[in-house]
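In: sharing a model that was predicted from the sequence below.
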Amino acid sequence: MNRTFKDYALLTLKGMGMGAADVVPGVSGGTIAFITGIYEELINSIKSINLTALKLLFSFKLNEFWKAINGTFLISVFIGIGISVFSLAKGLEYLLHHYPILVWSFFFGLIVASAIYVARSIKSWNAGTVISGIAGIAIAYAITVLSPAEANTAYWFVFVSGMIAICAMILPGISGSFILVLLGMYKFILGAVGDLNLVVIGIFLAGAAIGIIAFSNVLSWLLRKYHNLTIAMLAGFMVGSLNKVWPWKEVTETIIDRHGELKPITERNILPGTYEQITGHEAWLLGAIALAVFGFVLIFVVEGIGKKLKR
């Protein structure tokens, strides 16, 4: 595919959108890749980093290697992801701490619209696609109700966390950041990014590189052989993940971590009025609704812009 500099700049912007989503637990960069129209190309490009491509690299056939892996596409997207992750980590950490209801409301609307968008791409609905969608909802919901573990900061576990989280990061609806929360590693990894701890970042990225190459082969095969069933399940993943991003929650169980800090480990969804009664804090209802609507509309605005740019 022949692309211009403008096309690659747009790919970098799409990567920035993916990176911004990946930083937030409950939101998937794969969702952004899907709605911006680069999902399948991204999966297939990552899958192409295989033994054949590596032989070209080690034979110093660099041009052939670069073409084989669709290198300019990949580097454009990953530069965008990197820009967002490193620039937004501290800001999102602050917003999630001080304005969690508003942040989660925005992403709730974003994910609802994303699920609709993904479901619309299914070419034909039948009993199989419906069952696949329901299975996706059930799996994602089950993941969201698991209790987080406490952080294990050993380097081997950082590596394994990277392998597991990256698989979720490229699945629409399954958040890699939330998987890190379940593993107890979210704050540790976010802190390492914010503090530029290059050792931890490097080990995490090494695990992520191996995980994404292996998993992309599985996803590419599923999309090729069972496209509608796979897309239905991905849409189901998004719907099931809404349980995690509901803005108003009551903490039902806490633990004291190794640093002596009180941390919530399980929560349940509640209504805004109940939230105010239980916590004594403002439910930000009007602002939450406005941001949810904005997130919902934004998906279809991005879709419209994407269609115009393709013409």
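Out: Thanks, I have the structure now. Numbering: from 1, shown residues only.

In: which stretches of the stretch 51-200 of the chain form helices?
Out: 51-58, 62-68, 71-98, 100-120, 127-144, 155-169, 176-182, 186-194, 198-225 (DSSP state H, counting those that start in this stretch).

In: so what secondary structure elements neighbour the fourth one?
Out: Contacting helix 100-120 under the criterion 3 or more Cβ pairs under 8 Å, 6 or more residues apart in numbering; DSSP states H and E are the following elements: helix 29-35, helix 71-98, helix 227-245, helix 285-310. Yep, even glycine has a C-beta here, placed from its N, CA and C like the rest.

In: elements contacting the third one?
Out: The contact analysis (3+ Cβ pairs under 8 Å, 6+ apart) places helix 227-245 against helix 29-35, helix 100-120, helix 127-144, helix 198-225.

In: nearest to Phe86, of those?
Out: Closest to Phe86 of those, according to Cβ to Cβ: helix 198-225, at 9.5 Å.

In: what is the orientation angle of the closest one with helix 155-169?
Out: 40 degrees (axes from the mean of the first three to the mean of the last three Cα atoms, to 10 degrees).

In: can we start the residue count at 576 from this point?
Out: OK, 576 is where the count begins now, so the last one is helix 773-800.

In: buried ones in helix 773-800?
Out: Using 16 or more other Cβ atoms under 10 Å as the burial criterion, the residues of helix 773-800 that qualify are 775-776, 778-779, 782-783, 786-787, 790-792, 794-795, 797-798.

In: likewise for stretch 699-717?
Out: Thr704, Ser707, Gly708, Ala710, Gly711, Ile712, Ile714, Ala715, Tyr716.

In: identify all contacting residues around that stretch.
Out: 694, 697, 748-749, 803-805, 807-816, 818 (Cβ atoms under 8 Å, 6 or more residues apart in numbering).

In: 10 Å instead, please
Out: 690, 693-694, 697-698, 746-750, 753, 801, 803-819 (Cβ atoms under 10 Å, 6 or more residues apart in numbering).

In: from the chain's centroid, how far away is it?
Out: Distance of stretch 699-717 from its chain centroid, counting by Cα atoms, centre = their mean, to the nearest Å, is 20 Å.

In: alpha carbons only: can I get that stretch in PDB?
Out: Extracted in PDB, the C-alpha atoms of stretch 699-717 (Å, rounded to 0.1, in the frame of the first residue of the first chain):
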ATOM      1  CA  SER A 699     -24.400 -11.300   8.800                       C
ATOM      2  CA  TRP A 700     -26.100 -12.100  12.100                       C
ATOM      3  CA  ASN A 701     -27.100 -15.700  13.000                       C
ATOM      4  CA  ALA A 702     -27.300 -18.000  16.000                       C
ATOM      5  CA  GLY A 703     -23.500 -18.400  16.000                       C
ATOM      6  CA  THR A 704     -22.700 -14.700  16.100                       C
ATOM      7  CA  VAL A 705     -25.300 -14.100  18.800                       C
ATOM      8  CA  ILE A 706     -23.800 -16.900  21.000                       C
ATOM      9  CA  SER A 707     -20.300 -15.600  20.300                       C
ATOM     10  CA  GLY A 708     -21.400 -12.100  21.400                       C
ATOM     11  CA  ILE A 709     -23.000 -13.400  24.600                       C
ATOM     12  CA  ALA A 710     -19.900 -15.400  25.300                       C
ATOM     13  CA  GLY A 711     -17.800 -12.200  24.900                       C
ATOM     14  CA  ILE A 712     -20.000 -10.300  27.300                       C
ATOM     15  CA  ALA A 713     -19.800 -13.100  29.900                       C
ATOM     16  CA  ILE A 714     -16.000 -13.400  29.700                       C
ATOM     17  CA  ALA A 715     -15.400  -9.700  29.900                       C
ATOM     18  CA  TYR A 716     -17.800  -9.300  32.800                       C
ATOM     19  CA  ALA A 717     -16.200 -12.200  34.700                       C
END
